[in-house]
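J.: Show me the folded form of this:
(2 chains)
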Number of protein chains: 2
Amino acid sequence: MVIIDTVAGMKEYVAAIKARKETIGFVPTMGYLHEGHLDLMRLAKKLADHTITSIFVNPTQFGVNEDLDKYPRDMEGDKKRSESVGVECIFAPTAKEMYPRGYATYINLEGITNTLCGISRPTHFRGVATVVVKLFNIVEPDFAIFGEKDFQQLLVIKRMVKDLNMKVQVVGHPIVRESDGLAMSSRNKYLSPEERKKALILNKSLKHARELFKDGLKDTLKLKDVISQMIASVQGCVIDYVEVIDAEDLSPIKTIKDKALIALAVKVGTTRLIDNTVLGEQLRL
Amino acid sequence: MVIIDTVAGMKEYVAAIKARKETIGFVPTMGYLHEGHLDLMRLAKKLADHTITSIFVNPTQFGVNEDLDKYPRDMEGDKKRSESVGVECIFAPTAKEMYPRGYATYINLEGITNTLCGISRPTHFRGVATVVVKLFNIVEPDFAIFGEKDFQQLLVIKRMVKDLNMKVQVVGHPIVRESDGLAMSSRNKYLSPEERKKALILNKSLKHARELFKDGLKDTLKLKDVISQMIASVQGCVIDYVEVIDAEDLSPIKTIKDKALIALAVKVGTTRLIDNTVLGEQLRL
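T.: Take a look at the predicted model:
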């Protein structure tokens, strides 16, 4: 296991792999790795000859009043965890290495970023898109794996890679959940034991909506109402958004034909959590 | 000489070169090639094993009232001219091939684009940056050559390549001029014979400023005034901008220490022309 903290060092490491015509599977993360991240790494290992991860708490994707400074970090633990699933190299640059003095270039996506998390976090996807292009150019992965918990992020990155004619194949991985159904997230650490219980309403409301859909409810407004009421009934849970929308381009729909995304963001206490499910698709494990 | 009009076709062509570990020199153009373009291609040929050019009148870098529709085109002539200097492949995609339905991704640079041409053409560099990233990802050049006539464009692209950790080496080529001093441009074609003579004031005023600088005038405001008065004295010439600024980051300066850029944009009749020179640097030919 090697840890590299400079762009030049990483490019050299990658060039050696490329010279041997071997493939790279890449999992970009912000660290504080949980079982969800590790599953992405396991998938990367299956797909490619070499598995690389990045640990970088990217400042440009945090808003001014967001949790950049308190975002949890555990480099020693992350090393062990990622090594245990076969990661060979961690790219862990500083913010200054990634955004040196004079840095000026940002990537924006239109349309797809003007909904869901893009509303309450207006510069978030600009930061995500920018750092992901940089990481892809540095690591030159053949495959890059992203979790479907950040469903909008996955769509944004797929769209961007296609639009910019990048080489990498972007692969989504189903949401990994705790045994009680809570979607894994580094931010779950912020939850008090009581909030941790309340947070289960996210997954519960999605499950309930899946059942209603299975029983024939196709009206997106009605589905949205049911979910919203379930979540609002839990004290201390404040909805940021609940949306039932097109799963390809996130555009509004009235009636579900074959597929739809339910996406939600809820503040549980002071912690903002997201979750989602795709109706009309088998629930993947 | 091969002409390729699809991204997939171009990627295949490039992959074959890369598989042989040979290098690519690339000259992106909007076609209607003149001696200036051909000099960029000659330089590309010196630097790399293979020379590729692109001919694409990129709609995203034109403003709504600009000359996209009437921009001059001459594919047959361009083929012959580029072949004569050793270009092996022209990438000539349609706008739809480059920006298919659902296209959403744009690249912005802060600071450096908020001056000079970025003021009167506010979305111009966003279009340039976006298409250049796409072209670089498709053609994977080792070297990309840009003319210094579009000095701000060259700085924007160098900044972007550095910021996004791209692999290509961006090389500037000195302005190529007609025998009477007019900087070569596809847009010179728009000029009437009378306007063609009036347009010489751009280069003349720059030359005069170089002499004043050589004689000790370092005050940027005074230099700017002299140039502006020279140009304004020619009937039918309307100044868009005249600036004497830092040649590295285009920031304002009061007094020239060692180096400065004089950049100007002037409407001669209805045709907008640009020109520039770097004070404190030997005039390159």
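J.: Dihedrals phi and psi, the residue of the stretch 151-285 of chain A found nearest chain B?
T.: Nearest to chain B in the stretch 151-285 of chain A, going by C-beta to the nearest C-beta, is residue A:163, at a distance of 3.7 Å. In this view, the C-beta of every residue, glycine as well, is placed from N, C-alpha and C. Per-residue torsions, residue A:163: phi -60, psi -40 (degrees, to the nearest 10).
J.: so what pLDDT did the spatially closest residue to it that is not a sequence neighbour get?
T.: In space, residue A:163 comes closest to residue B:105 once its chain neighbours are excluded; the distance is 3.7 Å by C-beta to C-beta, 6 or more residues apart in numbering or on different chains. Looking at residue B:105, its pLDDT is 98.
J.: How about the one 4 residues further on?
T.: At residue B:109 the predicted local distance difference test score is 97.
J.: Contacts only, for it.
T.: A:104, A:105, A:106, B:125, B:129, B:156, B:159, B:160, B:163 (C-beta atoms under 8 Å, 6 or more residues apart in numbering or on different chains).
J.: burial measure for the last one, as a count.
T.: The burial metric for residue B:163, expressed as a neighbour count using other C-beta atoms under 10 Å in any protein chain shown, is 21.
J.: Which residue ranges make up the domains of chain A?
T.: Following automatic domain parsing, one finds the domains of chain A at A:2-173, A:186-278.
J.: Comparing those domains, which comes out most buried?
T.: Among the domains of chain A, domain A:2-173 has the highest mean neighbour count (mean count of other C-beta atoms under 10 Å in any protein chain shown), at a mean of 19.
J.: Can you tell me which residues in the stretch 151-285 of chain A are near chain B?
T.: Contact residues (C-beta under 8 Å from any C-beta of the partner chain) of the stretch 151-285 of chain A with chain B: A:159, A:160, A:163, A:164, A:165, A:166, A:167, A:249.
J.: just the strands in the stretch 101-250 of chain A please.
T.: A:105-109, A:143-147, A:169-173, A:237-245 (DSSP state E, counting those that start in this stretch).
J.: The residue nearest to residue A:163 touches residue A:108, doesn't it?
T.: Yes: if you go by C-beta atoms under 8 Å, residue B:105 and residue A:108 touch, sitting 7.4 Å apart.
J.: residue contacts, residue A:124?
T.: Applying C-beta under 8 Å, 6+ apart, the residues near residue A:124 are A:61, A:62, A:63, A:117, A:118.
J.: For the third one, grab phi and psi.
T.: Here the main-chain torsion angles of residue A:63 (degrees, to the nearest 10) amount to phi -80, psi 170.
J.: can you list the weak-confidence ranges in the stretch 151-285 of chain A?
T.: A:283-285 (pLDDT under 70).
J.: And the helices in the stretch 1-150 of chain A?
T.: A:7-19, A:35-47, A:75-84, A:95-98, A:117-120, A:124-139 (DSSP state H, counting those that start in this stretch).
J.: check contacts around the residue nearest to the spatial centre of chain A.
T.: Closest residue to the average C-alpha location of chain A: residue A:150 at 3.4 Å, with C-alpha atoms, centre = their mean. By C-beta under 8 Å, 6+ apart, the contact list for residue A:150 reads residue A:274.
J.: Against residue A:273, how distant is it?
T.: Distance from residue A:150 to residue A:273, counting by C-beta to C-beta, to the nearest Å: 12 Å.
J.: Over to residue A:54?
T.: 23 Å.
J.: Could you do residue A:234 as well?
T.: With C-beta to C-beta as the criterion, residue A:234 and residue A:273 are 12 Å apart.
J.: can you check residue A:180 too?
T.: Residue A:180 is 14 Å from residue A:273, by C-beta to C-beta.
J.: for residue A:39, same thing?
T.: Taking C-beta to C-beta, one finds residue A:39 at 19 Å from residue A:273.
J.: what's the answer for residue A:85, then?
T.: 25 Å.
J.: What of residue A:222?
T.: In terms of C-beta to C-beta, residue A:222 sits 24 Å off from residue A:273.
J.: got it, and residue A:29?
T.: Distance from residue A:29 to residue A:273, by C-beta to C-beta: 18 Å.
J.: just residue A:23 next, same as before
T.: Counting by C-beta to C-beta, the gap from residue A:23 to residue A:273 is 35 Å.
J.: In JSON lines: the domains of chain A, plus distance to residue B:70.
T.: Below are those laid out as JSON lines (distance: least, C-beta to C-beta, whole Å):
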{"stretch": "domain A:2-173", "distance to residue B:70": "27"}
{"stretch": "domain A:186-278", "distance to residue B:70": "34"}
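J.: Select, out of those domains, the one closest to residue B:81.
T.: Among these, the nearest to residue B:81 by C-beta to C-beta is domain A:2-173 (26.8 Å).
J.: Run the chain-centre distance for that closest one.
T.: 10 Å (C-alpha atoms, centre = their mean, to the nearest Å).
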